[in-house]
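how would this look folded up:
(one chain, ligands or ions: 2)
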Amino acid sequence: MTTVTDLYPTRGSAEVVTERSDPVVWPGREVEAAAGPWTAADLATYERDGFLTVDRLITSGEAGTFRAEVERLIHDPALRTDERTVTEPGSDEVRSVFEVHRISDVFARLVRDGRLVDRARRLLGSEVYVHQSRVNVKPGYRGSGFYWHSDFETWHAEDGLPRMRAVSVSIALTGNDVTNGSLMIMPGSHRTFLGCAGATPPDNYKTSLRMQEAGTPSDRALARLVDEHGIRLLTGPAGSATWFDCNCMHGSGSNITPLPRSNVFIVFNSVENAAVEPFAAPARRPEFIAARDFTPVRSSAVTTPRL
Ligand code: 6CS
Ligand code: FE
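Ligands and ions are numbered 1, 2, ... in the order given. Presented below is the predicted three-dimensional model:
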């Protein structure tokens, strides 16, 4: 069995910083040729900050359809007891539903939509597959937050993604406001990998999807990162979206307003970066969190309007 070099050590006895050795916008002959959905200015912003917002990735009508689908999913009695459904720490309200692209025809079509796949292919410089999808409901009144973390730190340690060649798109299904627990990202933090201290416990996902412990930065590291990068709050109406690099340091606060902050979150990984064995965990996570089917996503009819 070939051993894959661990370029980004993490979850050892102490925190360790490693400079990123991967491109942010990956080169790729076939994708560069296409005019593609991004402008040169978009790609420069993404390279610099590690994220990019799109004001209207989907229409408000589509967002309404997706909200109705989320309501259907979270009220499906069979799904309620399925391990893809994660409830809030303080109540039995739904916090997240995973693998929506396989359990819902509506979201299965979304991940094949050219407005998403074309953008992901251009950023990753290759064909792409869905590593993970989830709906984060973040209900009103008692919607809990997501502590600071780098997704790649988890996807490298626990899912075995070797390189930083994955991108997430978070599409707002409800208004993401300054008050209701919207996504916060540290601009530029994607260029440094923070290897976290502390080994991954067995079956970590059974608690981490509700409240992450392993793979979170120390207060000291966090203060240093904020001092260097600052914090950007990503707000926008239903239909807006944030594309962010897998290694951005990000998080979101809790939601105590009556207004839910629901997003659908899709992770595209390059087919050249398929998951191997976990780099810092006793076992693989289940496939509903970390796909092991690396079949490239085929775009559906909806393609990106040429800019
Ligand atoms: O563990 C994971 O894969 C998930 N956890 C968080 C907090 N963000 C990325 C991902 O959805
Ligand atoms: Fe995350």
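
Can you show me the helices along the stretch 201-307 of the chain?
205-208, 219-229 (DSSP state H, counting those that start in this stretch).

go on, the stretch 51-200 of the chain?
Using DSSP H, counting those that start in this stretch, helices in the stretch 51-200 of the chain cover 60-74, 77-80, 100-103, 105-112, 114-124, 151-157.

centroid residue for this structure?
S168 (4.0 Å; CA atoms, centre = their mean).

nearest spatial neighbour of that one, skipping sequence neighbours?
Excluding the flanking residues, the one nearest S168 by CB to CB, 6 or more residues apart in numbering is V267, at 5.0 Å. The C-beta positions use only the backbone N, C-alpha and C, and glycine is treated the same way.

Surely the one you found touches H131?
Yes. V267 is within contact range of H131, at 4.4 Å (criterion: CB atoms under 8 Å).

Name the residues contacting each of these two.
The contact sets of V267 and H131 overlap at 155, 166 (CB atoms under 8 Å, 6 or more residues apart in numbering).

Ligand 1 contacts on this protein?
132, 134, 146, 149, 151, 154, 208, 212, 289 (CB under 6 Å from any ligand atom).

Put the buried members of those residues into a ChimeraX selection.
Of the residues of the chain next to ligand 1, the buried ones can be selected in ChimeraX as follows, counting by 16 or more other CB atoms under 10 Å:
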select :132,134,146,149,151,154,208,212,289
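
would TSV of the residues of the chain next to ligand 1 with pLDDT be doable?
Below are those laid out as TSV (pLDDT from 0 to 100):
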residue	pLDDT
Q132	98
R134	98
F146	95
H149	98
D151	98
T154	98
S208	94
Q212	92
I289	98
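
hang on, the earlier thing: ranking the helices of the stretch 51-200 of the chain by burial, who's on top?
Comparing the helices of the stretch 51-200 of the chain by mean neighbour count (mean count of other CB atoms under 10 Å), helix 151-157 comes out on top with a mean of 26.

now for it, which elements pack on it?
For helix 151-157, the elements it packs on are strand 166-172, strand 192-195, judged by 3 or more CB pairs under 8 Å, 6 or more residues apart in numbering; DSSP states H and E.

Send me that helix as PDB with only the CA atoms.
Extracted in PDB, the C-alpha atoms of helix 151-157 (Å, rounded to 0.1, in the frame of the first residue of the first chain):
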ATOM      1  CA  ASP A 151     -12.500  22.400   7.800                       C
ATOM      2  CA  PHE A 152      -9.400  21.000   6.100                       C
ATOM      3  CA  GLU A 153      -7.900  20.300   9.500                       C
ATOM      4  CA  THR A 154     -10.700  17.900  10.100                       C
ATOM      5  CA  TRP A 155     -11.000  16.500   6.600                       C
ATOM      6  CA  HIS A 156      -7.200  15.900   6.600                       C
ATOM      7  CA  ALA A 157      -7.000  14.400  10.100                       C
END
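
Nearest to V24, out of the residues of the chain next to ligand 1: which one, please.
Ranked by distance to V24 (CB to CB), those are led by D151 at 14.5 Å.

unless I'm mixing things up, the closest one is touching V267, no?
Yes. With contact defined as CB under 8 Å, D151 counts as touching V267 (7.4 Å).

between the two, what contacts are shared?
With CB under 8 Å, 6+ apart, D151 and V267 have common neighbours 166, 168, 246.
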